[in-house]
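Colleague: sequence and predicted structure, then a few things I'm wondering about:
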Amino acid sequence: MKFFIDTGMVEEIKEAAKWGIIDGVTTNPSLIAKTGRSQADVIKEICSIIDGPISAEVIATDTEGMLSEAMEIAKWHDNVVIKLPLTEEGIAACAKLSEQGVKTNVTLCFSPNQALLAAKAGATYISPFIGRLDDAGHDGMALIEEIRTIYDNFGFTTEILAASIRNSTHVRDAAIVGSDVITAPYGVLKALYKHPLTDKGLAAFLADHEKANK
Ligand code: G3P
């Protein structure tokens, strides 16, 4: 299972890179807006920190516009993955980019049929938004399970990238149901390390060592 960090903040990415477990980075226009910098600057800097897939999203809503933006973005670095919205135009752009061997991440997926369309278009990744479905009173994790079943039924190679992850339970459950990738904010990833019994156990080991070596 791959771990991506979902942020545009380079300081967070630098910190997370030290953990040695980060495989890639996802961004979206809202995350880039929070940085106050241009997408090009942020993505190029991220590519210099993490050697793995880095998703950068297009802003155009028509297929031709998406394709010309994708061509620009793809020039920034070999590791860049073009993030496209799950619309008719986005799926058409995905099919074209797949034919050309350009890596894609189809985002804003909220149903199994949308995920099926992305796989048919040869998407590299499909991003179902777990947290936003939960917020709307649906079961985000059930969607991941359904996509897993559909992709396995037909041998689709599109990787399931569980997105809009809000907590450690989302990470655990995404792993249990077989998501290929999770992308999570810095705080959620950092929380995965924490267990009160680990802290308590370590404190006791260190205290015993101290006593024995006085
Ligand atoms: O990058 C896409 C996704 O992870 C967004 O998450 O928390 O804005 O629903 P969120």
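Modeller: Ah, there it is.
Colleague: please count neighbours and contacts with C-alpha atoms only from this point.
Modeller: Will do.
Colleague: and residue 161, backbone torsions?
Modeller: Main-chain dihedrals, residue 161, degrees, to the nearest 10: phi -110, psi 90.
Colleague: now it, which residues is it bridged with?
Modeller: Bridge pairing for residue 161 (DSSP bridges) gives the partners residue 181.
Colleague: could you measure it against the ligand, distance?
Modeller: Going from residue 161 to the ligand by Cα to the nearest ligand atom, to the nearest Å gives 9 Å.
Colleague: likewise for residue 105?
Modeller: For residue 105, the distance to the ligand - Cα to the nearest ligand atom - is 10 Å.
Colleague: the residue of the chain found nearest the ligand and residue 72, how far apart?
Modeller: Proximity of the chain to the ligand (Cα to the nearest ligand atom) peaks at residue 164, 3.3 Å away. Noted for residue 164: a distance of 27 Å to residue 72, by Cα to Cα, to the nearest Å.
Colleague: ok, these two, which is more surrounded?
Modeller: residue 164 (22 against 11; other Cα atoms under 10 Å).
Colleague: quick check, the more buried one in contact with residue 135.
Modeller: No. With contact defined as Cα atoms under 8 Å, residue 164 does not reach residue 135; the gap is 10.4 Å.
Colleague: how about the residues of the protein that lie near the ligand?
Modeller: 6, 26-28, 131-132, 163-164 (Cα under 6 Å from any ligand atom).
Colleague: need the longest helix for the chain.
Modeller: Identified as the longest helix of the chain according to DSSP state H is helix 196-212.
Colleague: could you dump it to CSV, C-alpha only?
Modeller: The C-alpha trace of helix 196-212 is given here as CSV (Å, rounded to 0.1, in the frame of the first residue of the first chain):
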residue,chain,number,x,y,z
PRO,A,196,-0.6,5.8,24.5
LEU,A,197,0.7,2.3,25.4
THR,A,198,3.8,2.9,23.1
ASP,A,199,4.6,6.1,25.1
LYS,A,200,4.0,4.4,28.4
GLY,A,201,5.9,1.3,27.5
LEU,A,202,8.9,3.3,26.2
ALA,A,203,9.0,5.4,29.4
ALA,A,204,9.0,2.3,31.5
PHE,A,205,11.9,0.7,29.4
LEU,A,206,14.0,3.8,29.7
ALA,A,207,13.3,4.1,33.4
ASP,A,208,14.3,0.5,34.0
HIS,A,209,17.5,0.9,31.9
GLU,A,210,18.4,4.0,33.9
LYS,A,211,17.9,2.2,37.3
ALA,A,212,20.0,-0.8,36.1
